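In: let me see the structure of the following:
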Amino acid sequence: MKKGVIFQEAYQAYIKDRGISDVSELAFECLLKVYPGLLVTSSDGFVDLAEVDTLSFIASDGTSIAPEIFVRELKNLYLNQGHWRHIFMKAIKEIAYDDSTKLEILMNMIYAAAASTGSIVKNILLSEYKPKSFSLLDIQSLEQIDPTKQFFSDDEKQKIIQIAEELNLLSNQEIKTKVYQLFS
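Out: Model prediction:
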């Protein structure tokens with residue numbers, strides 16, 4: 001896929017500012033796709049190592065890129081959200097031009113939020129799912145296992161919807177309907 005101007009400018013600014021050479025364009029694209037998940041997991045005011053590990057796993061899945069690169073970069077992005085948020089969000093909007101990419105970014109946010117619950121039982125249940133096979137229908141069925149327990153905090157739900165709207169991830173009416181049914 002040919003990368004757009006905004007992507008290229010963001011990538012060049014990022015590697016120059018960070019002074020790194022081990023983040024390829026592919027790694028940067030993977031970072032962009034999980035970045036909204038980082039914003040969701042930080043909705044409670046902090047991001048712990050387990051959340052960073054989950055996002056790193058999602059980012060590196062299907063690539064030959066070492067997860068350690070993503071761990072390092074996600075920690076940096078969390079600590080420097082004020083600097084990178086606007087730049088990353090613009091680049092994400094550029095790469096999220098089709099429904100499959102929009103859904104991938106949305107599912108990355110949802111998977112990261114669900115995996116950050118801190119509940120051993122929930123995390124065991126979620127470990128059965130790989131991000132690529134995780135769907136909105138799976139989430140609805142997981143929520144129904146025990147209606148007294150939630151896989152997502154209200155803050156996470158609100159953040160997912162806010163970011164999804166900001167990135168125009170909900171332009172597909174079917175996806176939008178499912179997300180609002182799940183999180184309303």
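In: now the helices for this protein?
Out: Secondary structure of the chain (DSSP state H): helices at 5-18, 25-41, 49-60, 67-79, 81-95, 99-115, 120-127, 136-145, 154-166, 173-183.
In: mind giving me the packing neighbours of the first one?
Out: Helices and strands touching helix 5-18, by 3 or more Cβ pairs under 8 Å, 6 or more residues apart in numbering; DSSP states H and E, are helix 25-41, helix 81-95. For every residue, glycine as well, the C-beta is placed using N, CA and C.
In: for these, which one sits closest to residue 13?
Out: Shortest separation from residue 13 across the helices and strands packed on helix 5-18 is recorded for helix 81-95, at 6.6 Å, computed as Cβ to Cβ.
In: now for residue 98, how many residues are close by?
Out: Using other Cβ atoms under 10 Å, residue 98 is surrounded by 10 other residues.
In: need the contact list for it.
Out: If you count contacts by Cβ atoms under 8 Å, 6 or more residues apart in numbering, residue 98 has none.
In: show the pLDDT at it.
Out: With respect to pLDDT, residue 98 has a value of 89.
In: with residue 136 instead?
Out: Looking at residue 136, its pLDDT reads 64.
In: quick one: residue 112 from residue 19, how far?
Out: Spatial separation of residue 112 from residue 19 under the definition Cβ to Cβ, to the nearest Å is 27 Å.
In: show me which of the two is the more surrounded one.
Out: Counted by other Cβ under 10 Å, residue 112 and residue 19 do not tie: residue 112 has more neighbours, with 26 against 6.
In: most tightly packed of the helices of the chain?
Out: Neighbour counts averaged per stretch over these are highest for helix 25-41, at a mean of 23; criterion: mean count of other Cβ atoms under 10 Å.
In: that one vs helix 99-115, what angle?
Out: Relative orientation of helix 25-41 and helix 99-115, computed by axes from the mean of the first three to the mean of the last three Cα atoms, to 10 degrees: 50 degrees.
In: tally of neighbours for the residue nearest to residue 155 when sequence neighbours are not counted?
Out: Beyond its immediate neighbours in the sequence, the residue positioned closest to residue 155 (Cβ to Cβ, 6 or more residues apart in numbering) is residue 43, lying 4.3 Å away. Burial of residue 43 is recorded as 21 neighbouring residues (other Cβ under 10 Å).
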